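Asker: Predicted structure and sequence below. I'll ask about it afterward.
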Amino acid sequence: MKIHEYQAKALFRKYGVPIPEGGVAFSAEEAVEVAETLGGYPVVVKAQIHAGGRGKGGGVKLAPSAEQVQKAAQAIMGMNLVTPQTGPEGRRVRKILVEQGLNIAKELYLSVIPDRATAKIVVMASAAGGMDIEEVAAQTPEKIIKVFINPLLGIQPYHGREVAFGLNLAPALIKPFTSMLKNLYQLFVDYDCSLVEINPLVITAEDTVVALDAKINFDDNGLFRHPDVREYRDLDEEDPLEIEASEFNLNYINLDGNVGNMVNGAGLAMATMDIIKQAGAEPANFLDVGGGASAEMVENGFRIILSDQNVKGILINIFGGILRCDVLAEGVVQAAKKTGINVPVVVRMEGTNIEEGRRILAESGLNLITATDLKDAARKVAGLVGG
Ligand code: GDP
Ligand code: MN
């Protein structure tokens with residue numbers, strides 16, 4: 001799950017990670033009210049959306065006076081913000097963060113993420129932080145420091161010093177930096193985060209270290225033990241089809257292609273997406289209906305795929321184990337009868353109760369295309385969508 005910058009900063013405050021003074025606003029008038037409480041200008045007006053690169057898209061503005069706050073907030077609130085991370089369709093801005101403006105001497109990059117290869121938690125940092133960090137990572141990866149932390153032992157003082165020395169911090173900054181990093185690591189672990197990122201982490205002209213930006217992603221599987229984080233969920237920022245799927249406990253992710261696919265089991269779903277790509281087409285979604293799906297879940301999953309306007313063909317790939325082929329077939333038929341099928345559907349099905357499943361599909365009167373195996377299925381669906 002993703003949250004907004006102002007929410008991430010509330011968690012930073014709780015953990016003693018320094019942030020600028022500020023507050024969230026839902027209108028230009030409120031933005032001015034917040035600005036007036038900050039003890040002086042300039043202030044910064046920042047669009048709150050679940051995507052980065054806002055600075056590049058015109059979603060971050062420095063305002064030297066109350067009138068300018070009003071103007072900047074007016075311009076940002078309700079705008080369709082297009083950034084390198086939103087895609088060309090952009091995101092509607094519904095909230096803004098108003099913060100005290102800082103005198104920036106230097107912009108650093110800092111993040112904490114799990115590293116799969118080493119099964120450790122990695123702290124990444126760079127003295128070349130700021131809006132072009134992606135370019136730094138691509139062109140000069142040696143400018144990014146990585147320090148690996150064994151999660152069973154936790155963060156040790158030497159880890160902090162290693163990062164601080166790598167960033168070439170002035171001696172006076174090492175202590176505040178390492179204590180900030182320790183707190184950030186604790187937040188990462190306590191909240192089952194999958195990413196904590198500060199870009200930029202700034203060194204101010206007054207020689208303090210402050211998190212100017214804040215991004216936190218959470219592992220959804222850990223959310224059950226963080227009711228405070230679940231409160232932060234913002235449905236306006238989520239894909240409507242994904243919200244609907246989550247109501248039925250379906251693992252569904254909307255993607256850019258045009259081949260809808262419905263599969264049971266996450267591994268099989270990933271293999272199916274690979275083979276769709278190999279056949280020259282692009283998957284429109286990831287959908288794992290789950291090993292023990294009921295006919296109702298299958299029906300809901302199929303209906304969600306059918307309602308995606310980008311879908312030009314569907315591949316159903318089911319290996320009947322706990323989810324039997326007849327149950328799957330029943331769900332598909334129910335959904336098709338209710339929604340109607342307006343795109344070609346290729347079915348590849350094997351396993352438990354396969355004969356019964358085939359019979360249900362054959363007698364349904366639906367126009368389904370059967371495939372002999374996975375490769376055949378992928379080729380057929382790719383051909384049908386013009387891949
Ligand atoms: P992002 O573009 O979505 O990552 O948004 P950021 O919060 O990182 O802001 C983008 C850029 O705006 C930063 O890299 C800074 O250069 C600039 N910026 C943000 N806040 C301030 C501030 O208080 N003072 C100054 N001078 N610049 C700021
Ligand atoms: Mn940023």
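Answerer: In hand now; what should we look at? Numbering: from 1, shown residues only. Ligands and ions are numbered 1, 2, ... in the order given.

Asker: Give me the contacts around stretch 135-148.
Answerer: Stretch 135-148 has contacts (C-beta atoms under 8 Å, 6 or more residues apart in numbering) with 109, 115, 118, 120-128, 159, 162-163, 166-167. Yep, even glycine has a C-beta here, placed from its N, CA and C like the rest.

Asker: is that stretch anywhere near ligand 1?
Answerer: No - judged by C-beta under 6 Å from any ligand atom, stretch 135-148 stays clear of ligand 1, getting no closer than 13.0 Å.

Asker: thinking again about what came up before, if we look at ligand 1, which of the contacts of stretch 135-148 are close to it?
Answerer: Okay, of these, nothing touches ligand 1 (C-beta under 6 Å from any ligand atom).

Asker: For ligand 1, what is the nearest residue in the stretch 201-350 of the chain?
Answerer: Nearest residue of the stretch 201-350 of the chain to ligand 1 (C-beta to the nearest ligand atom) works out as Asp213 at 3.4 Å.

Asker: can you pull the pLDDT of the residue nearest to that residue when sequence neighbours are not counted?
Answerer: The shortest distance from Asp213 to any non-neighbouring residue, by C-beta to C-beta, 6 or more residues apart in numbering, is to Asn199 (5.5 Å). For Asn199, the pLDDT comes out at 97.

Asker: Likewise for Phe319?
Answerer: On the pLDDT scale, Phe319 is placed at 88.

Asker: does it sit in a helix, a strand or a coil?
Answerer: strand (DSSP: H, G, I helix; E, B strand; the rest coil).

Asker: The residue of the stretch 201-350 of the chain closest to ligand 1: neighbouring residues, count only.
Answerer: By the criterion of other C-beta atoms under 10 Å, Asp213 has 24 neighbours.

Asker: Just want the residue of the chain that's nearest ligand 2.
Answerer: Asp213 (3.5 Å; C-beta to the ion).

Asker: And what about that residue, helix, strand or coil?
Answerer: State at Asp213, reduced to three classes by three-state DSSP: coil.

Asker: contacting residues for it?
Answerer: Counting by C-beta under 8 Å, 6+ apart, Asp213 touches Glu5, Glu197, Ile198, Asn199, Pro200.

Asker: do the same with Ile276
Answerer: For Ile276, the contact set (C-beta under 8 Å, 6+ apart) comprises Gly257, Val259, Asn261, Glu282, Pro283, Leu315, Ala378, Val381, Ala382.

Asker: make it 7 Å
Answerer: Counting by C-beta atoms under 7 Å, 6 or more residues apart in numbering, Ile276 touches Val259, Asn261, Pro283, Leu315, Ala378, Val381, Ala382.

Asker: If I follow the layout properly, the third one ends up in contact with Asn254?
Answerer: What that stands for is Pro283. No - assessed by C-beta atoms under 7 Å, Pro283 is found out of contact with Asn254, at 10.2 Å.

Asker: These two: which is more packed in?
Answerer: Neighbours were counted for Pro283 and for Asn254 using other C-beta under 10 Å; Pro283 has more, 23 against 18.

Asker: Contacts only, for that one.
Answerer: Here Pro283 is in contact with Leu255, Gly257, Val259, Asn261, Met273, Ile276 (C-beta under 7 Å, 6+ apart).

Asker: Tell me the spacing between the residue nearest to Ile3 when sequence neighbours are not counted and Gly78.
Answerer: Counting by C-beta to C-beta, 6+ apart, Tyr232 is the residue found nearest to Ile3 once chain neighbours are left out, at 4.5 Å. Tyr232 is 22 Å from Gly78, where distance means C-beta to C-beta, to the nearest Å.

Asker: ok, now Pro141?
Answerer: The gap separating Pro141 from Gly78 is 39 Å, by C-beta to C-beta.

Asker: what's the answer for Gly129, then?
Answerer: Look at Gly129 and Gly78: by C-beta to C-beta, they are 30 Å apart.

Asker: Those two - which one has more neighbours?
Answerer: Neighbours of Gly129 and Gly78, each counted by other C-beta under 10 Å, are more numerous for Gly129; the result is 24 against 12.

Asker: Tell me the pLDDT of the spatially closest residue to Lys95 that is not a sequence neighbour.
Answerer: Excluding its sequence neighbours, the residue lying closest to Lys95 (C-beta to C-beta, 6+ apart) is Gln48, at 4.1 Å. Note on Gln48: pLDDT of 98.

Asker: quick one: contacts for Gln48?
Answerer: Applying C-beta under 7 Å, 6+ apart, we find Gln48 in contact with His4, Glu5, Tyr6, Val24, Lys95, Ile96, Leu97.

Asker: Out of the residues you listed, which sit inside helices?
Answerer: Among the contacts of Gln48, the members falling in helices (DSSP state H) are Glu5, Tyr6.

Asker: So for stretch 145-157, mean pLDDT?
Answerer: When pLDDT is averaged over stretch 145-157, the result is 97.

Asker: Only alpha carbons, please: show that stretch as CSV.
Answerer: Once non-C-alpha atoms are left out, stretch 145-157 reads as follows in CSV (Å, rounded to 0.1, in the frame of the first residue of the first chain):
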residue,chain,number,x,y,z
ILE,A,145,26.3,3.7,-1.6
LYS,A,146,24.7,0.5,-0.3
VAL,A,147,25.0,-0.8,3.3
PHE,A,148,23.5,-4.1,4.0
ILE,A,149,21.9,-4.8,7.4
ASN,A,150,21.2,-8.3,8.8
PRO,A,151,17.5,-8.0,9.9
LEU,A,152,18.1,-10.4,12.8
LEU,A,153,20.9,-8.2,14.3
GLY,A,154,19.3,-4.9,13.4
ILE,A,155,21.1,-1.6,12.7
GLN,A,156,24.4,-1.1,14.5
PRO,A,157,26.3,2.2,15.0
